[in-house]
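Asker: This is a predicted model, with the sequence first.
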Amino acid sequence: MAGRGKLIAVLGDEDTVTGFLLGGIGELDKHRKPNFLVVEKETSLAEIEEAFRSFLSREDIGIILISQCLAELIRHAVEAHCRPLPAVLEIPSKEHPYDPSKDSVLRRARGLFAPEDLR
């Protein structure tokens with residue numbers, strides 16, 4: 001990683017992940033582990049959580065993009081992450097629009113400021 005930046009990891013449905021892969025984020029680490037997970041109907045909750053935790057522990061990942069509907073399934077793991085890196089960002093998917101009230105990062109940010117600070 002010397003001289004290189006951090007990677008973006010993505011967990012989502014096939015369309016979401018494919019879009020990011022076409023944008024050039026796909027990488028394999030030295031153990032041949034990808035920085036993405038395509039979640040299909042057959043993908044178990046344990047597989048999703050294991051991939052998320054794996055991305056959290058990788059030193060080469062700086063941002064984890066996760067479809068908000070998947071973040072809801074593993075909310076306990078998402079909420080437990082409190083380090084600044086990798087940053088976890090919840091994104092919409094084709095089938096599930098973004099709901100700001102469910103976004104843990106946004107809820108934390110709102111807690112940092114008083115309502116009058118945001119005016």
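Answerer: Structure's in. What do you need? Numbering: from 1, shown residues only.

Asker: Same question for the residue nearest to Leu85 when sequence neighbours are not counted, what's its three-state structure.
Answerer: Once flanking residues are discounted, Leu85 sits nearest to Gly62: 5.7 Å by Cβ to Cβ, 6 or more residues apart in numbering. Backbone N, C-alpha and C define where each C-beta goes, glycine included. Following DSSP: H, G, I helix; E, B strand; the rest coil, the label given to Gly62 is strand.

Asker: who touches Gly62 in this structure?
Answerer: 5-8, 85-87 (Cβ atoms under 8 Å, 6 or more residues apart in numbering).

Asker: go with 7 Å
Answerer: By Cβ atoms under 7 Å, 6 or more residues apart in numbering, the residues touching Gly62 are 6-7, 85-87.

Asker: so can I have JSON lines of those showing secondary structure, distance to Thr16 and pLDDT?
Answerer: Shown next, in JSON lines, are the contacts of Gly62 (DSSP: H, G, I helix; E, B strand; the rest coil; distance: Cβ to Cβ, whole Å; pLDDT from 0 to 100):
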{"residue": "Lys6", "secondary structure": "coil", "distance to Thr16": "20", "pLDDT": "91"}
{"residue": "Leu7", "secondary structure": "strand", "distance to Thr16": "17", "pLDDT": "93"}
{"residue": "Leu85", "secondary structure": "coil", "distance to Thr16": "22", "pLDDT": "92"}
{"residue": "Pro86", "secondary structure": "coil", "distance to Thr16": "18", "pLDDT": "95"}
{"residue": "Ala87", "secondary structure": "strand", "distance to Thr16": "18", "pLDDT": "94"}
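
Asker: And these, which of them are buried?
Answerer: 7, 86 (16 or more other Cβ atoms under 10 Å).

Asker: Closest to Glu47 out of the contacts of Gly62?
Answerer: Pro86 (19.1 Å; Cβ to Cβ).

Asker: Okay, the closest one and Asn35: tell me how far apart.
Answerer: Distance, Pro86 to Asn35, by Cβ to Cβ, to the nearest Å: 10 Å.
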